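**Q** need coordinates for the following:
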Amino acid sequence: MKNLFSLLLLFAIQFSAYAEWFNVNHPDTANIEVFGNRGDTIFSFQKNYSNYLSTNFGINWINYNSPYIPFVNSSFVTRDGNLVISLYPMGIILKTSTDFGNTFIDKSIISQPEYNSDDFSRINSRYFGISATFDWAYAFYISKNGIDFTSMYSEEHHFGRFIVFYDYNFIYKFNDSLFITNDTNKTFSLLENPGISELGLCEENSKGKLYMLVHDTVFISIDSGWTWQRMNLNLTGLGYLNIDYHDNFYLRTSNKIFCSYDDGVNWTDITENLPLTTCKYQELRFSDTKIFVRADDGNIYYRDIYTGVEDNSDENILTLYPNPVNSYLKIKFDVDEIYPAKIKIYSVFGENVIETDYKDKIDIGCLSPGIYFLRIGNVCKKFIVNR
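**A** Residues are numbered from 1 along each chain as shown. All right, here's what the predicted structure looks like:
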């Protein structure tokens, strides 16, 4: 048993260093019109219609030119990495590229000489990229990829501001009332006691839970938007929200980025070395393993996403209680014999925050609220500090 335990100690769980943002050293930050990513490939569309692309986080950059496109009104990159450009004054005419700006597909949604496409806008929703609203036609069009569009009409309502969910259902504001459709625009229902009076930035996680930021306050809905509850947060000055592919929840202030790995129970400041003083560039972008952001200095930065550390402990071998804990964490480690062993506690960023000889009770009063991992040998168990 002693030899087995010694062998297990050799196979320590390796943690990556998550606590730093890395500059991708873009060659021409001053002329970036928009940047995006497809997976871990980073690219930018420049003001002079050239493009930069890096497949290795900025170690090398490729520069190439897009076809010349006159009358560009706006440009952005959808969640899945398509570059979309809107044109004026020809109505909603789009050019969409699926190959980082090498070639473009023409997408004409609707064209009216009198229509000014300056009203072309984006929707902040997990699954959708763009929207185009035509109040004079009682219609709007939505697309998550800039290629396939769904149109919706209502002869009774001007849509005003609206938010769209993954299944094309949406809430919109008309005068001072909020309406909802849960059957793709067939019927509209008045939200009588929704818990909100305004619409804001909305995101949706993979389980269908909705999050909305309205005037510095975050609301959540678990019933497809029919009712909303206010989240009790100790954060102020909120200006933006995002959810990554692992359902981690991010909130922005002018100079901070906060992340919650437990659905808003605890928040971690992940700003670290990122130069932020305003929300000049608000949006976070994600791959499966990375966060990308453009900072106030114009540079593009990335860091690792915490995707979880496997809890490989057998409840009969390692028990931590109480869990969540706020002062002393009690440890029960059942092996035939206890040989001198270290207890190591790691943050979600892989930082070794506590290391001590084995004992059955540890004072964790020095730890900030959040998720941590306790390791003995190769046995690892998660616990939460909650005060």
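**Q** which residues of the stretch 201-350 of the chain score low on pLDDT?
**A** Low-confidence segments of the stretch 201-350 of the chain (pLDDT under 70): 307-316, 335-340, 349.
**Q** residue 265 versus the residue nearest to the spatial centre of the chain, what's the distance?
**A** With distances taken as CA atoms, centre = their mean, residue 243 lies nearest the centre of the chain, 3.0 Å away. Distance of residue 243 to residue 265, computed by CB to CB, to the nearest Å: 15 Å. All C-beta spots, glycine's among them, are computed from the backbone N, C-alpha and C.
**Q** spatially nearest residue to residue 369 (excluding sequence neighbours)?
**A** residue 266 (4.6 Å; CB to CB, 6 or more residues apart in numbering).
**Q** coming back round to it: what's the spacing between the residue nearest to the centre of the chain and residue 325?
**A** Counting by CB to CB, the gap from residue 243 to residue 325 is 27 Å.
**Q** okay, now residue 141: neighbour count?
**A** For residue 141, the neighbour count with other CB atoms under 10 Å is 17.
**Q** wait, doesn't it sit right on residue 107?
**A** No. Using CB atoms under 8 Å, residue 141 is not in contact with residue 107; the gap is 10.0 Å.
**Q** show me whatever sits in contact with both of these two.
**A** By CB atoms under 8 Å, 6 or more residues apart in numbering, residue 141 and residue 107 have these common neighbours: residue 149.
**Q** avg pLDDT for stretch 144-159?
**A** Mean per-residue pLDDT for stretch 144-159: 68.
**Q** got the phi/psi numbers for residue 31?
**A** Main-chain dihedrals, residue 31, degrees, to the nearest 10: phi -110, psi 20.
**Q** which residues does it contact?
**A** Contacts of residue 31 by CB under 8 Å, 6+ apart are 46-48.
**Q** before we move on, the earlier item: for the residue nearest to the centre of the chain, list each beta-bridge partner.
**A** Using DSSP bridges, the beta-bridge partners of residue 243 come out as residue 249.
**Q** from residue 86, how far off is it?
**A** Residue 243 is 26 Å from residue 86, by CB to CB.
**Q** with residue 301 instead?
**A** Residue 301 is 27 Å from residue 86, by CB to CB.
**Q** mind listing what the residue nearest to the centre of the chain touches?
**A** Neighbours of residue 243 in contact, by CB under 8 Å, 6+ apart: 126, 203-205, 211, 249-250.
**Q** may I ask which two of the residues you listed are separated the most?
**A** Greatest spacing in the contacts of residue 243, by CB to CB: 204 and 250 (13.9 Å).
**Q** higher neighbour count, the two?
**A** Of the pair residue 204 and residue 250, residue 204 is the one with more neighbours under other CB under 10 Å, namely 24 against 20.
**Q** surely the more buried one meets residue 220?
**A** No. In this structure, residue 204 is not within contact of residue 220 by CB under 8 Å, at 10.6 Å.
**Q** sounds good, over and out.
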